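1. Below is the sequence, then the predicted model.
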Amino acid sequence: MKVDVLLGLQWGDEGKGKVVDVLTPKYDVVARFQGGPNAGHTLEFEGQKYVLRSIPSGIFQGDKVNIIGNGVVLDPALFKAEAEVLEASGHPLKERLHISKKAHLILPTHRILDAAYEAAKGDAKVGTTGKGIGPTYTDKVSRNGVRVGDILHNFEQKYGAAKARHEQILKSLNYEYDLTELEKAWMEGIEYLKQFHFVDSEHEVNNYLKDGKSVLCEGAQGTMLDIDFGSYPFVTSSNTVCAGACTGLGVAPNRIGEVFGIFKAYCTRVGAGPFPTELFDETGDKMCTLGHEFGSVTGRKRRCGWIDLVALKYSVMINGVTKLIMMKSDVLDTFDTIKACVAYKVDGEEIDYFPYDITEGVEPVYAELPGWKTDMTKMQSEDEFPEEFNAYLTFLEEQLGVEIKIVSVGPDRAQTIERYTEE
Ligand code: GDP
Ligand code: IMO
Ligand code: MG
């Protein structure tokens, strides 16, 4: 068997959580491969709404095994808070949620370092989620990290050494902080975590594949936030692209099957950094209002703009996307005209490839298509799609060279339409 990978193609918040939940019944196992509680994956069904940060989005569909892979960074305090909400709402986790021993722990001092580094950057700050993601991955790469498996071996010593090192850095930055509450909640999180199965998830995942079980890998963030291919330095600190599933779960590249690439019918970004198609007018405000574009983790207003096909084509290429999924189509239901950026104008010249730097001097070149002006939120099948909407889908497929297999017309699990069901 192969693993299928589902990941975001834009700047995150494309709707990954919703679609993982929708697809989970087709799989035996769901596994997160990177990121941490910087993610906020929203699921809505049966009148309930949940936001998941570290727990995979396959947790609500029956008794499927969900795995937090080695590529994930885990904050025990936030994990405890998230898990307790699920358990209290009748979704027992302990038997079905497995955590890689190799996943790195976000320490309380990582969160403080995140804030201190952002403060030191001043106007050049990244606008991180403040969850300690960058400092934790930094420690991982510089071989100073503390891992989930360390909780069971010499933990006090390892934690103490990392904390002392962080406190020295904070002192050199003259950064004032109070660790007491954070550390207390974190230690309670560590105790809570001990009830879960700590696993060698690379063996577990590969054994599932050997036994003919199907695995869906869930990405966090999006390709434009990837540490290598995103709009550096305004990115997160992990590989959000498909290759991240290989390193974040121990899956060999030749084990990758379908790559589901998710995008919104328009585009959003939260935090700082370049965004060529960003709108600063009432059209952008309308997208924000209709799309409820406020961060699910930080509550920050998301910046909105038209779809960027130059960036999307790049994402399709980097990830080897085999199937596209378009989210939030309904948000554009009332627009007279839909615009799509098909090229960038840089120094007076039109280019259709994603350049090294998009920080400034990039002017989007737009194609315009007629809006469909139809409420799509109650539609159940592609037979109901208005002509103009089909024209938008065809245009995108031609531009991107990959078929759009799923269209989402609302936040609820039920508002999901699969296209071309016959393979
Ligand atoms: P993720 O991080 O990729 O899982 O996405 P988020 O959960 O951060 O953001 C997506 C938001 O859009 C959530 O509030 C979802 O409930 C919502 N959503 C998902 N799909 C649709 C859709 O098709 N239409 C609308 N209107 N909202 C959607
Ligand atoms: P999901 O999985 C949107 C952004 C932050 C910031 C940058 C770095 O819900 O799509 P970090 O805290 O990772 O160091 O912040 O990345 N960012 C996200 N934006 N969705 C996310 O996750 C994000 N995770 C991080 O806003 O610009
Ligand atoms: Mg999100």
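-> Perfect, thanks for sending it. Ligands and ions are numbered 1, 2, ... in the order given.
2. can you pull out the strands in the stretch 301-423 of the chain?
-> Applying DSSP state E, counting those that start in this stretch to the stretch 301-423 of the chain gives strands spanning 303-305, 307-308, 323-327, 337-346, 349-351, 362-370, 404-408, 416-418.
3. Buried deepest among the ones you listed, which one?
-> strand 307-308 (a mean of 26; mean count of other C-beta atoms under 10 Å). Heads up, the C-betas are built off the backbone N, CA and C, glycines and all.
4. could you say what helices and strands it packs with?
-> Applying 3 or more C-beta pairs under 8 Å, 6 or more residues apart in numbering; DSSP states H and E, we find strand 307-308 packed against strand 337-346.
5. Return the list of strands paired to the strand it packs on, each annotated with direction.
-> strand 307-308 (parallel), strand 349-351 (antiparallel), strand 362-370 (antiparallel) (DSSP bridges).
6. What backbone torsions are found at the residue sitting furthest away from the middle of the chain?
-> Most distant residue from the mean C-alpha position of the chain: Gly348, 34.5 Å away (C-alpha atoms, centre = their mean). Note on Gly348: backbone dihedrals following degrees, to the nearest 10 are phi 80, psi 0.
7. and it, what does it touch?
-> Going by C-beta atoms under 8 Å, 6 or more residues apart in numbering, Gly348 touches no other residue.
8. So it versus Lys49, what's the distance?
-> Gly348 is 48 Å from Lys49, where distance means C-beta to C-beta, to the nearest Å.
9. got the contact list for the helix or strand containing Gln168?
-> Using DSSP states H and E, Gln168 sits in helix 155-172. Helix 155-172 has contacts (C-beta under 8 Å, 6+ apart) with 107-110, 112-113, 116, 135, 139, 144-146, 150, 177, 190.
10. and Gly257, helix, strand or coil?
-> When classified by DSSP: H, G, I helix; E, B strand; the rest coil, Gly257 comes out as strand.
11. how near is the nearest residue to it once chain neighbours are set aside to ligand 2?
-> Using C-beta to C-beta, 6 or more residues apart in numbering and skipping residues adjacent in sequence, the residue nearest Gly257 is Lys2, 3.2 Å away. The gap separating Lys2 from ligand 2 is 23 Å, by C-beta to the nearest ligand atom, to the nearest Å.
12. right, and Lys2 touches Ile256 too?
-> Yes: if you go by C-beta atoms under 8 Å, Lys2 and Ile256 touch, sitting 6.3 Å apart.
13. of the two, who's got more company?
-> More neighbours surround Ile256 than the other of Lys2 and Ile256, with 20 against 14 (other C-beta atoms under 10 Å).
14. near ligand 1, which residues of the stretch 151-300 of the chain?
-> When proximity is defined as C-beta under 6 Å from any ligand atom, the stretch 151-300 of the chain approaches ligand 1 at Gly291, His292, Ser296.
15. Just list the residues touching His41, thanks.
-> His41 makes contact with Lys16, Gly17, Lys18, Val20, Val51, Leu52, Arg53, Ser57, Glu218, Ala220, Ser296, according to C-beta under 8 Å, 6+ apart.
16. Looking at those residues, which is nearest ligand 3?
-> Closest to ligand 3 out of these is Ser296 (4.9 Å), distances taken as C-beta to the ion.
17. Ignoring the adjacent residues along the chain, who's closest to that closest one?
-> What sits nearest to Ser296 in space, not counting adjacent residues and going by C-beta to C-beta, 6+ apart, is Gly40, at 3.1 Å.
18. Go through the strands of the stretch 301-423 of the chain and name the closest to ligand 1.
-> Of all the strands of the stretch 301-423 of the chain, strand 404-408 sits nearest to ligand 1, with 3.2 Å by C-beta to the nearest ligand atom.
19. roughly how far is that closest one from the heart of the chain?
-> Its chain's average C-alpha position is 18 Å from that of strand 404-408, according to C-alpha atoms, centre = their mean, to the nearest Å.
20. In terms of secondary structure, what does that strand contact?
-> Counting by 3+ C-beta pairs under 8 Å, 6+ apart, strand 404-408 packs on helix 16-23, strand 323-327, helix 387-400, strand 416-418.
21. ok, and what's touching the third one?
-> Contacting residues not belonging to helix 387-400 are listed as 265, 307, 309, 312-313, 316, 324, 326, 329, 338, 340, 342, 367, 369-374, 376, 385, 403-404, 407 [C-beta under 8 Å, 6+ apart].
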